[in-house]
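A.B. asks: heads up, no residue letters with this:
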């Protein structure tokens, strides 16, 4: 299982992870080894097998539409690194 | 009572003594806090100890008892893995990215413990976001195995397992996504139970892999596992994945009678790489259960070999989605940058540790365009085969027995640079999470170096009672807990 440096940089970009050059080299090596090991799954013929996403039969849970006290805004904002005017504050996303 | 007698009490023994007026929760809590002070510098099981809150809860529990209230957990000091949200108490998931995070609410299981009058003694160390098998992936420090401080306690609930083994709490909660309760329980010589997927609420459990995660219990004996499971199980309006099946009174239903119980021994566990002393201890335990009247036979789970690759594709894929929420906006650590995207990337690049980033990368890759079918979808199909193996086996037997881990506790640093070797220490526990069934580890002996060995008892979905019954029968006949680590 080969992974190029560009592959690893692309994955890191998709995952929004800033990695050092050393990390990229290390993950390139380790991910390749792990994926190589996992190639053995291809030994199994699963053409006719349905996938399992969850072991439980998922069902909708209904409840009465009654208002309940929510967390207070201050509580929710208390853990934020930066807030302003009752909102989360982040670097500008638009020009 | 001596301090040693106090700290060795189980939930049920402490409850009995408190009910008889022989001891108080304040005395018990003080003894446990003293034990933590004396041993945790060496064991390092706790990330946070909460003595003031614990003593307040102990006094309140004694008052509730004096007012006539009863309850199996009333006044009992319990430790919580630091992936469970606790209102007003820092909750880190063992990660720098959550350093300083103080949840505004309690996880459902924590709320249930508090309502039952339990004393919350502190938060235990964990591999970062429960990803690991040794607790070395904690961003804060590695926890030590109380039986040999040069060895790992297992993981990821290594702090909880070590605290129980060191008598630095009466019992603890953990979480188990691929063995993270059972594996450290085995390596620390305590009982660890992973309930069926859907048995216990995950509301307030910091998510790792949502189709696999389950809250579990780590205790000093099987009776306590039954008591604690009964206290946390059951439906929850805050978690749609919990079933509304009634919760049996697990503790009251315990019986040491295993006559006629059909036990299957998992053939695939006895392979190369299994430590001979572990193999011998497990077979001895199987023979003894046979002598107690159980019907023993071998069972085959033919796709067991594929559980590890399937697990390490599915769990990281789910983790890569779950951990997208750590972006430096609403809680936790932030690294400043000029752009929003730059802030996300720097925050996550610095806030997460090596193993968490490795799994996010693996998961992102297996979900990405061009790789989804070959990796993620393939793994989900193999999951179907693994579940079908268990369904077929449970047509023929009531429980499945095998070793919990291939070896006893390994050395600190021994596997940390080799992710695949580390992953292999969960090779016998992963498949139960993929199948969504229940399992526990109960001590079944020691190797020549004096390190504990765990017997894994696996039950079908919602078959906790069966697994507990077999483990209880074994424990009543062969109690290994008389031997304690020398701390």
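C.D. replies: Sure, I can see it. Given the structure is predicted, the values throughout are model-derived calculations rather than measurements.
A.B. asks: who's in contact with the residue of the stretch 1-150 of chain B found nearest chain A?
C.D. replies: Residue of the stretch 1-150 of chain B nearest chain A, by CB to the nearest CB: residue B:104 (4.2 Å). Every residue, glycine included, has its C-beta placed from N, CA and C. Taking CB atoms under 8 Å, 6 or more residues apart in numbering or on different chains, we find residue B:104 in contact with A:71, A:75, A:76, A:78, A:79, B:87.
A.B. asks: quick one: the helix or strand of chain B with the lowest mean pLDDT near chain A?
C.D. replies: Sorting the helices and strands of chain B by mean pLDDT, DSSP states H and E puts helix B:419-424 at the bottom, at a mean of 89. Yes. Using CB under 8 Å from any CB of the partner chain, helix B:419-424 reaches chain A at B:419, B:420.
A.B. asks: who are the packing partners of that helix?
C.D. replies: helix A:21-38, helix B:307-322 (3 or more CB pairs under 8 Å, 6 or more residues apart in numbering or on different chains; DSSP states H and E).
A.B. asks: got the buried residues for the longest one?
C.D. replies: Within helix A:21-38, the residues that qualify as buried are A:23, A:24, A:26, A:27, A:28, A:30, A:31, A:32, A:34, A:35, A:38, counting by 16 or more other CB atoms under 10 Å in any protein chain shown.
A.B. asks: out of those, flag the one nearest to chain B.
C.D. replies: residue A:38 (3.9 Å).
A.B. asks: which pLDDT value belongs to that closest one?
C.D. replies: Residue A:38 carries a pLDDT value of 92.
A.B. asks: surely it is in contact with residue B:313?
C.D. replies: Yes. Proximity of residue A:38 to residue B:313 meets the contact threshold set by CB atoms under 8 Å, at 6.3 Å.
A.B. asks: find the residues that touch each one of these two.
C.D. replies: Both residue A:38 and residue B:313 are in contact with residue B:375, where contact means CB under 8 Å, 6+ apart.
A.B. asks: ends of stretch B:298-307, how far apart?
C.D. replies: With CA to CA, to the nearest Å as the measure, stretch B:298-307 spans 20 Å from end to end.
A.B. asks: in CSV: the buried residues of helix A:21-38, plus distance to residue B:447.
C.D. replies: Converted to CSV, these look like this (distance: CB to CB, whole Å):
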residue, distance to residue B:447
A:23, 37
A:24, 41
A:26, 34
A:27, 35
A:28, 38
A:30, 31
A:31, 34
A:32, 35
A:34, 29
A:35, 34
A:38, 31
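A.B. asks: which non-adjacent residue is nearest the residue nearest to the spatial centre of chain A?
C.D. replies: Central residue of chain A (CA atoms, centre = their mean): residue A:15, 6.9 Å from the mean position. Residue nearest to residue A:15 in three dimensions, not counting chain neighbours: residue B:364, with 4.3 Å by CB to CB, 6 or more residues apart in numbering or on different chains.
A.B. asks: show me the contact partners of stretch B:475-482.
C.D. replies: Contacts with stretch B:475-482, where a contact means CB under 8 Å, 6+ apart, come from B:189, B:191, B:220-222, B:256, B:285, B:288, B:292, B:442-446, B:452.
A.B. asks: are any of those residues buried, and if so which?
C.D. replies: Applying 16+ other CB under 10 Å to the contacts of stretch B:475-482, the neighbour count classes B:189, B:191, B:220-222, B:285, B:292, B:442-446, B:452 as buried.
A.B. asks: any chance you could map the helices in the stretch 1-150 of chain B?
C.D. replies: Using DSSP state H, counting those that start in this stretch, the helices assigned to the stretch 1-150 of chain B run over residues B:3-7, B:11-19, B:25-43, B:51-66, B:108-115.
A.B. asks: most tightly packed of those helices?
C.D. replies: Mean neighbours per residue, mean count of other CB atoms under 10 Å in any protein chain shown, is largest over the helices of the stretch 1-150 of chain B for helix B:108-115, with a mean of 22.
A.B. asks: want to throw the helices of the stretch 1-150 of chain B into CSV with mean pLDDT and distance to residue B:482?
C.D. replies: Output for the helices of the stretch 1-150 of chain B, formatted as CSV (pLDDT from 0 to 100; distance: least, CB to CB, whole Å):
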stretch, mean pLDDT, distance to residue B:482
helix B:3-7, 93, 13
helix B:11-19, 97, 14
helix B:25-43, 98, 18
helix B:51-66, 98, 28
helix B:108-115, 98, 28
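A.B. asks: next, format those as JSON lines and append distance to residue B:205.
C.D. replies: Below are those laid out as JSON lines (distance: least, CB to CB, whole Å):
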{"stretch": "helix B:3-7", "distance to residue B:205": "28"}
{"stretch": "helix B:11-19", "distance to residue B:205": "21"}
{"stretch": "helix B:25-43", "distance to residue B:205": "24"}
{"stretch": "helix B:51-66", "distance to residue B:205": "21"}
{"stretch": "helix B:108-115", "distance to residue B:205": "8"}
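A.B. asks: Serialize those to a markdown table and add fields for distance to chain A.
C.D. replies: Shown next, in a markdown table, are those (distance: least, CB to the nearest CB, whole Å):
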| stretch | distance to chain A |
| --- | --- |
| helix B:3-7 | 35 |
| helix B:11-19 | 29 |
| helix B:25-43 | 27 |
| helix B:51-66 | 19 |
| helix B:108-115 | 14 |
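A.B. asks: and residue B:72, which of those helices is closest to it?
C.D. replies: helix B:11-19 (5.7 Å; CB to CB).
A.B. asks: got the contact list for the closest one?
C.D. replies: So helix B:11-19 is contacted by B:9, B:23-25, B:28, B:65, B:70, B:72-76, B:170-171, B:219, B:223-224, B:227-228, B:251 (CB under 8 Å, 6+ apart).
A.B. asks: report the angle between it and helix B:51-66.
C.D. replies: Helix B:11-19 runs at 60 degrees relative to helix B:51-66, counting by axes from the mean of the first three to the mean of the last three CA atoms, to 10 degrees.
A.B. asks: now do the strands in the chain.
C.D. replies: No chain was given, so I picked chain A. A:83-84, A:87-88 (DSSP state E).
A.B. asks: try chain B instead
C.D. replies: According to DSSP E, the strands that chain B contains are B:46-49, B:77-81, B:119-124, B:171-175, B:191-194, B:215-219, B:262-266, B:295-299, B:399-403, B:438-446, B:452-459.
A.B. asks: next, count neighbours for the residue lying closest to residue B:353 once chain neighbours are set aside.
C.D. replies: In space, residue B:353 comes closest to residue B:128 once its chain neighbours are excluded; the distance is 4.8 Å by CB to CB, 6+ apart. Neighbours of residue B:128 under the rule other CB atoms under 10 Å in any protein chain shown: 28.
A.B. asks: cool, and the one 4 residues further on?
C.D. replies: Residues lying near residue B:132 (other CB under 10 Å) number 30.
A.B. asks: tell me which of the strands of chain B lies nearest to chain A.
C.D. replies: strand B:438-446 (11.6 Å).
A.B. asks: need the per-residue pLDDT for the most centrally placed residue in chain B.
C.D. replies: Taking CA atoms, centre = their mean, the centroid of chain B lies closest to residue B:181, which sits 2.0 Å from it. Looking at residue B:181, its pLDDT is 98.
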